[in-house]
Every structure is written in structure tokens, then in C-alpha cells.
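Asker: mind folding the following:
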Amino acid sequence: MAEKSLVEILGTGATRLASAAAAPSAGLFIPDSLLISAGLTTPTTATAEGHIVAIVKLLKTNLTQTAYDLDNDNSVYLSDGFPGFTTRGTTQYRIDQIVFNLAKVDSESTLDPTKY
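Answerer: Okay, the predicted model is just below:
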């Protein structure tokens, strides 16, 4: 099975800009330099999943529980989960967990991005 594309993971309209390309007027732009600083050595040829892992690593660096605890305006932090192992076919895989913690006033049970 082929690696998923950015569109398959993020949705219609998602694209990767070439280095030094002009950013679109609307949307999110993450420079290659940040992806590289997170460990994605070759963003131009990396998989979509590799891009997501680099972004999550960036988030984990900046959205810490310490920052959350110090500022009541923060409502999201990432923390380490429990590493584990699984077997797929005959190959053993390491499972690395990163937990997204989303805190909001307890007024509804749905996950609404506008509340964070």
C-alpha cells in the first residue's frame, strides 16, 4: 500500500510548497527550516506522515505541561505516552505515544476547536 499524501491526511487543498516558493495568501505555512530542526532531514522528499511527525515534535517542544500550568490562557499541551511494541506480520514495531491534552471549561461533551 502506498504512503498517504498530504491531501489524504489533511484534506483537499493541502499542499507542500517548494523551498522559496511564495506562500498562498491564506493558510498555514511551516518553513522547511522548522521541519528540519524537528528532525525531518529532507522535507522535499519526506512522506506526509514524516511531515506530521515533525509538526507534532514542534508542538511538543512548545506546548509543554509546564507552560500550561503557568498560564491559565493555555489550554493544550502534549506529553509523552507509554512506549510499547507490536508485531505486524512477522515484523516487530516500536510504538511511540505522544498524548494531546485538551483542556476547556466543562460545559459540553463535544470536541470543538473554537473552544481552545
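Asker: CA only for contacts and neighbour counts going forward, please
Answerer: Fine.
Asker: against residue 108, how distant is residue 45?
Answerer: According to Cα to Cα, to the nearest Å, residue 45 stands 42 Å off from residue 108.
Asker: what residues sit buried inside the helix ranked longest in the chain?
Answerer: When the chain is scanned for its longest helix (criterion: DSSP state H), the result is helix 48-62. Going by neighbour count (16 or more other Cα atoms under 10 Å), the buried part of helix 48-62 is 48, 50, 51, 52, 53, 54, 55, 56, 57, 58, 59, 60.
Asker: residues in contact with it?
Answerer: Applying Cα atoms under 8 Å, 6 or more residues apart in numbering, the contact partners of helix 48-62 are 3-6, 9, 34-35, 38-40, 43, 77-79.
Asker: following element in sequence after that helix, please.
Answerer: Per DSSP states H and E, the first helix or strand lying C-terminal to helix 48-62 is helix 65-70.
Asker: how near is residue 91 to residue 85?
Answerer: Note on residue 91: its distance to residue 85, by Cα to Cα, is 10 Å.
Asker: I meant to write residue 33 there.
Answerer: 32 Å.
Asker: who has more neighbours out of the two?
Answerer: Each of residue 33 and residue 85 has its neighbours counted (other Cα atoms under 10 Å); residue 33 has more, 13 against 9.
Asker: if I look at residue 95, what pLDDT would I see?
Answerer: Per-residue pLDDT puts residue 95 at 97.
Asker: bridging residues for it?
Answerer: residue 84 (DSSP bridges).
Asker: so it touches residue 80, yeah?
Answerer: No - counting by Cα atoms under 8 Å, residue 95 does not reach residue 80; the two are 11.7 Å apart.
Asker: distance of the residue of the chain most remote from its centre from residue 83?
Answerer: Going by Cα atoms, centre = their mean, the residue of the chain most distant from its centre is residue 90, 28.9 Å out. Going from residue 90 to residue 83 by Cα to Cα gives 20 Å.
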